[in-house]
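>>> Build me a structure from this.
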Amino acid sequence: QRRRQKVWEEAPAVMLPPAMRAGLCASAVRLARSVGYRGAGTMEYLFDPQRNAFYFIEMNTRIQVEHPVTEMITGLDLVELMIRVAAGETLPFAQRDIKPNGWAIECRINAEDPLRGFLPSTGRLVRFQPPPEVMGAVRVDTGVYEGGEISMHYDSMIAKLICHGATRDEAIARMREALNAFHIAGVSSNIPFQAALMQHPRFVSGVFTTGFIAEEYPQGFHAAQVPHPDPGLLAAVAAFARRRYIDRAIRISHQMHGQPRRVGREWAVLIEGENFPVTLDAIPGGYAIGCKGQRYALVSDWQFREVIFRGTCNGEPICLQIERAGLEYRIMHYGRRVKAVVMTAKADRLLALMPAKLPPDLSKYLLSPMPGLLREVAVQSGQAVRAGEKLAVIEAMKMENILKAEKDCTVKKIVAQPGESLSVDQVIVEFE
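Next up is the predicted model:
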């Protein structure tokens, strides 16, 4: 959970012994019978592994968001059964007939930015491309569509991704690959965070509590907390995309006869300040790429209009996301997002001689961290402000977000007025 809201759900429960599970289910049945309840409902309990005891919290007289994990391991359609019972029909089976099969995990896909403190993200869904559904293995529940608007007036959850496997490890592996193939553009999403969770050693071990996120990410979630197991692979994919672009470009018509462009095999890929020298050699269906002593034989029919890159690397299936933006290639794999610049070896040597460009100083501005409605500006021009004082209040997705001063300062100018709809990084207040 994060802030008492569920982030992922799974079934069966990892730390619940079979005998305890039987006792818990029997308790739920007794409770429903004691009040004469008829229909679908969800009993919530807390389990204390130290005391080996469970405690009733509440009952919701409906199925809940996480009902697909139960459906995936039982093969039952709970929504259909709920409607049939409400219509007066009886269940066509007994409790003893239900045999759980395998493991299921559900990730809630939310329109929020995990790198900005999980602030809500609103706007138009420019791209919404869930992974392909596979009966009994990969399922997507959603009510949004490409081109639709994510409003600030509703909850941030826009989809649920559910994966099933014969074992928990298999379900996790399937979920990791499904997250790689889930592309959302136009608004931010928590897919990178979910991908980070799916490879966190403590999560994989199954030994955790509902306080897992608060314990493992006490200072929030940062990009550095999503290390990629093989950065050379990301450089190789960027080089693959660049070489495919060059190969397409040199086929242009009306070239000067006898003067074809000669494409060298030595290149360099720059990712977040780290340089990856690479070599490229054509192979059937792709390129063999050498990078820091490793060889990546990438084969794919990927084209530039596609964001999802599917193919093989050294004979093993691979799926990731890649987009070309000018000279950059934006890559996402296992939750890791990087921007790669691919250049010739000569261009790389020349770039090393160029002076570094410093980022602009934004410390004198209060910027909106999210799109939303500016409800209040709590300061005035010329006012001296102390660190920790309230500066403004922004409302988005049913939540009020209070912006406070990070240090002592004096207000120079109020740029945005209450009632305005703000975009991300829009200036609200300027300081002296």
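
>>> you'd agree Ala235 is up against Asn275?
No - with contact defined as CB atoms under 8 Å, Ala235 does not count as touching Asn275 (9.3 Å). For every residue, glycine as well, the C-beta is placed using N, CA and C.

>>> any shared contact partners between these two?
Between them, Ala235 and Asn275 share these contacting residues under CB atoms under 8 Å, 6 or more residues apart in numbering: Val269.

>>> of these two, who's got more company?
A direct count of neighbours by other CB atoms under 10 Å for Ala235 and Asn275 places Ala235 higher, at 29 against 13.

>>> Please tell me how far the more buried one sits from Val341.
Using CB to CB, to the nearest Å, Ala235 is found at 11 Å from Val341.

>>> and Leu179, what element?
helix 168-180 (DSSP states H and E).

>>> Flag every buried residue along that helix.
Arg168, Ala171, Ile172, Arg174, Met175, Arg176, Glu177, Ala178, Leu179, Asn180 (16 or more other CB atoms under 10 Å).

>>> try stretch 160-169
Result for stretch 160-169 [16+ other CB under 10 Å]: buried residues Lys160, Leu161, Ile162, Cys163, His164, Gly165, Arg168.

>>> taking the mean pLDDT, what do you get for the helix ranked longest in the chain?
In the chain, assigned by DSSP state H, the helix with the most residues is helix 231-249. What helix 231-249 shows for mean pLDDT is 94.

>>> Can you list the buried residues in the next helix or strand after it?
Using DSSP H and E, the helix or strand that follows helix 231-249 towards the C-terminus is strand 266-271. By 16+ other CB under 10 Å, the buried positions in strand 266-271 come out as Trp267, Ala268, Val269, Leu270, Ile271.

>>> from those residues, which is closest to Pro284?
Trp267 (20.5 Å; CB to CB).

>>> So that closest one sits against Arg242, correct?
Yes - the pair formed by Trp267 and Arg242 meets the contact definition of CB under 8 Å, at 7.2 Å.

>>> so what sits against both of these two?
Common neighbours of Trp267 and Arg242 (CB under 8 Å, 6+ apart) are Val342.

>>> what about the strands in the stretch 201-350 of the chain?
Secondary structure of the stretch 201-350 of the chain by DSSP state E, counting those that start in this stretch: the strands cover 266-271, 274-283, 286-291, 294-299, 308-313, 316-325, 328-333, 336-344.

>>> closest to Arg248 out of the ones you listed?
Comparing the strands of the stretch 201-350 of the chain by CB to CB, strand 316-325 comes nearest, at 11.5 Å.

>>> Now render the buried residues of stretch 160-169 as JSON lines, adding secondary structure and distance to Ile283.
Shown next, in JSON lines, are those (DSSP: H, G, I helix; E, B strand; the rest coil; distance: CB to CB, whole Å):
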{"residue": "Lys160", "secondary structure": "strand", "distance to Ile283": "40"}
{"residue": "Leu161", "secondary structure": "strand", "distance to Ile283": "34"}
{"residue": "Ile162", "secondary structure": "strand", "distance to Ile283": "37"}
{"residue": "Cys163", "secondary structure": "strand", "distance to Ile283": "33"}
{"residue": "His164", "secondary structure": "strand", "distance to Ile283": "36"}
{"residue": "Gly165", "secondary structure": "strand", "distance to Ile283": "33"}
{"residue": "Arg168", "secondary structure": "helix", "distance to Ile283": "37"}
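
>>> Which two of these have the greatest separation?
Top of the distance list for those (CB to CB): Lys160 and Arg168, 18.6 Å.

>>> Flag the shaky bits of the protein, pLDDT-wise.
Residues of the chain meeting the criterion pLDDT under 70: 398.

>>> so the closest residue in space to Glu400 that isn't next to it in sequence is in which element?
Sequence neighbours aside, Val393 is the residue nearest to Glu400 in space, at 5.6 Å (criterion: CB to CB, 6 or more residues apart in numbering). Assessed by DSSP H and E, Val393 sits inside strand 390-396.

>>> Many thanks, I have nothing further to ask.
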